[in-house]
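**Student:** just a sequence and a predicted model for now, questions to come.
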Number of protein chains: 2
Amino acid sequence: MKKALGIDIGGTKILYAVLDENGNILSEIKKTKTPKTSEEIVDTLKSIIQEYDNEIDVVGLSSAGAVNLENTMVLSSTPNLPKGYNTIDFSTLSDKKVFVENDANCAVWAEYKSGAAKGFNTVLMATIGTGIGGGVVSDGRLFRGSMGNALEVGSLKIFADKRRKCTCGRYDCWESYASGTGLKNCAQEGAKEYPEFETSFLKHKKPEEITTYDITEGVEKKDEFCLKVFEQWQYYMFVGLVSLTDIFNPDCIVISGGMCEFVDTQKLEDMINAESVVTPVKVKSALTKNNAGMIGAGLLALM
Amino acid sequence: MKKALGIDIGGTKILYAVLDENGNILSEIKKTKTPKTSEEIVDTLKSIIQEYDNEIDVVGLSSAGAVNLENTMVLSSTPNLPKGYNTIDFSTLSDKKVFVENDANCAVWAEYKSGAAKGFNTVLMATIGTGIGGGVVSDGRLFRGSMGNALEVGSLKIFADKRRKCTCGRYDCWESYASGTGLKNCAQEGAKEYPEFETSFLKHKKPEEITTYDITEGVEKKDEFCLKVFEQWQYYMFVGLVSLTDIFNPDCIVISGGMCEFVDTQKLEDMINAESVVTPVKVKSALTKNNAGMIGAGLLALM
């Protein structure tokens, strides 16, 4: 069985391990700080690859940004990675095959091949963190679009009358309602509108001081204001997911990201299946967690 | 060069002709009324195929409804076609290969192979008629989803607060804002809100009497109320299309359907490219028009 070195290049750390074709991790998972210049990133990656050179057949890299259709370079700007990063030709890092793919695409591939979506035909992943990212696999292929930019699902508009300004400068992006940031936005607006705020444990706070964490904490305490905000937030998540279900006809949706643990996947599944016009879908939580990018990149490189 | 018999099974008529691999129509385009029972549909299709049996290599059928992944049957209910239609195994109609595909998928394939989107990598078609249908081709493949139901783009929600009830019973479907029906809805709501209605040539009408045709007629007359309604309608069309652009990263969007002639494709293209977060897209009007289903079905059968 062939082996891959999977490497996840994040804004703060680089994570790596050796994998087999089933996505099993065969070595210790190591991490190192992401260097501050693109030259140092190249050197670091070269020395990581060198370390495993005798054990592996291919190298898979997971990275933020849009990747070219040849899977050799990251073309778009990547705010958390240094200047010059988008000029690196990753295929030159080794004599072996080096394959780079967008982190969201790697993550959905990891879940499809060895995670929660194993055995499904069409898998939509929604990564709910500070923003919302996405990926789709159907019939054994990643959906990448004309230039590798597809599945920018965070920008899906869920209102058409310029109601809430998103951090991106546009209006009514799904991620300004249904991400971690969206939960904070729902809370800050709710504090001005919902009578439940008057009896909440958060009532001493100014609306603009309420955080995402305050709400998840309040939900655990069964605070009525926080429960109401949370329900509205999850409704917004449903609105985006049911549209994406009608668009992609997935048989499995995987929810991942930092907010994943707070999401009631069974409730979302029931709501989506009651409303969508396509065949029923399963909604699941991701299994590969922080290793998703590394595992997916390795498995894609082994294809 | 191989030849296909392309057949478009519509609710009122069946359209058919012989095509080559480039989508050129080689015979007279014929039509016949769609029979009222599924047994008669089978007989009619058999006799049409018999007529061209010596000339053709394969048969391609375009039909409403979701088609199974083997492209032999229409699985979903099809309101404009008779009872029993979804039990027909189209592969038994001839000794030759018979291939059936959803009409929207056939239409986008026709535009991709021989129409306005020829040469593009990722093509999104939006068919704007009474409702809104859609199809996507990327990297040489139709996107079909897990059960052939994908691209139900008419159900994309463009508001998340249950504002306008759609004819389907759900709320805020894109097609209740941006289809032909949507234009009528925008007009009927606008008549109650816009001061321009008082000076419109439609002012003698009750809001609920205003039709889609009234507005397109008024736009030609440069009636201010109709222009305002139309602009709002086209903005709603933009809202759905920019979301779909961020989701699919198409390099070409093709607009087809009965409302296509009224759409300002250049304006939509400019609006989408100013707002989307992915690489730029071209917006074009469909070229294959009423022959799209027939041509696409024939070309798919020849694959």
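**Tutor:** Yep, it's here. Numbers count the residues shown, from 1 in each chain, chains lettered A, B, ... in the order given.

**Student:** tell me the secondary structure for the nearest residue to A:Asn249 once chain neighbours are set aside?
**Tutor:** Spatial nearest neighbour of A:Asn249, chain neighbours left out: B:Gly145 (2.6 Å); criterion: Cβ to Cβ, 6 or more residues apart in numbering or on different chains. For the C-beta atoms, the positions are set from N, CA and C on the backbone; glycine is no exception. Classification of B:Gly145 by DSSP: H, G, I helix; E, B strand; the rest coil places it in coil.

**Student:** pretty sure B:Gly145 is touching A:Phe120, no?
**Tutor:** No. Between B:Gly145 and A:Phe120 there is no contact under Cβ atoms under 8 Å: 11.4 Å.

**Student:** what residues does the residue nearest to A:Asn249 make contact with?
**Tutor:** A:Thr122, A:Ser138, A:Phe248, A:Asn249, A:Pro250, A:Val278, B:Leu151 (Cβ atoms under 8 Å, 6 or more residues apart in numbering or on different chains).

**Student:** the fifth one and chain B: what is the separation?
**Tutor:** Taking Cβ to the nearest Cβ, to the nearest Å as the measure, A:Pro250 and chain B are separated by 6 Å.

**Student:** just the first one next, same as before
**Tutor:** With distances defined as Cβ to the nearest Cβ, the gap from A:Thr122 to chain B amounts to 4 Å.

**Student:** let me have the contacts of B:Gly145 in JSON lines, extended by neighbour count.
**Tutor:** Converted to JSON lines, the contacts of B:Gly145 look like this (neighbours: other Cβ atoms under 10 Å in any protein chain shown):
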{"residue": "A:Thr122", "neighbour count": "26"}
{"residue": "A:Ser138", "neighbour count": "23"}
{"residue": "A:Phe248", "neighbour count": "30"}
{"residue": "A:Asn249", "neighbour count": "27"}
{"residue": "A:Pro250", "neighbour count": "30"}
{"residue": "A:Val278", "neighbour count": "26"}
{"residue": "B:Leu151", "neighbour count": "27"}
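
**Student:** show me those that map onto helices.
**Tutor:** A:Phe248 (DSSP state H).

**Student:** just the closest of the contacts of B:Gly145 to A:Leu300, please.
**Tutor:** A:Ser138 (15.2 Å; Cβ to Cβ).

**Student:** state the mean pLDDT of the helix or strand containing A:Ala110.
**Tutor:** A:Ala110 belongs to helix A:103-114 when assigned by DSSP states H and E. Across helix A:103-114, the average pLDDT comes to 97.

**Student:** give the other helices and strands that that helix contacts.
**Tutor:** If contacts are counted by 3 or more Cβ pairs under 8 Å, 6 or more residues apart in numbering or on different chains; DSSP states H and E, helix A:103-114 sits against strand A:58-63, strand A:122-128, strand A:132-138, strand A:141-142, strand A:252-256, helix A:292-301.

**Student:** paired strands for the first one, with orientation please.
**Tutor:** Looking at strand A:58-63 with DSSP bridges, its paired strands and their directions are strand A:3-9 (parallel), strand A:97-102 (parallel).

**Student:** any buried residues in the shortest one, and which?
**Tutor:** By neighbour count with 16 or more other Cβ atoms under 10 Å in any protein chain shown, strand A:97-102 contains the buried residues A:Val98, A:Phe99, A:Val100, A:Glu101, A:Asn102.
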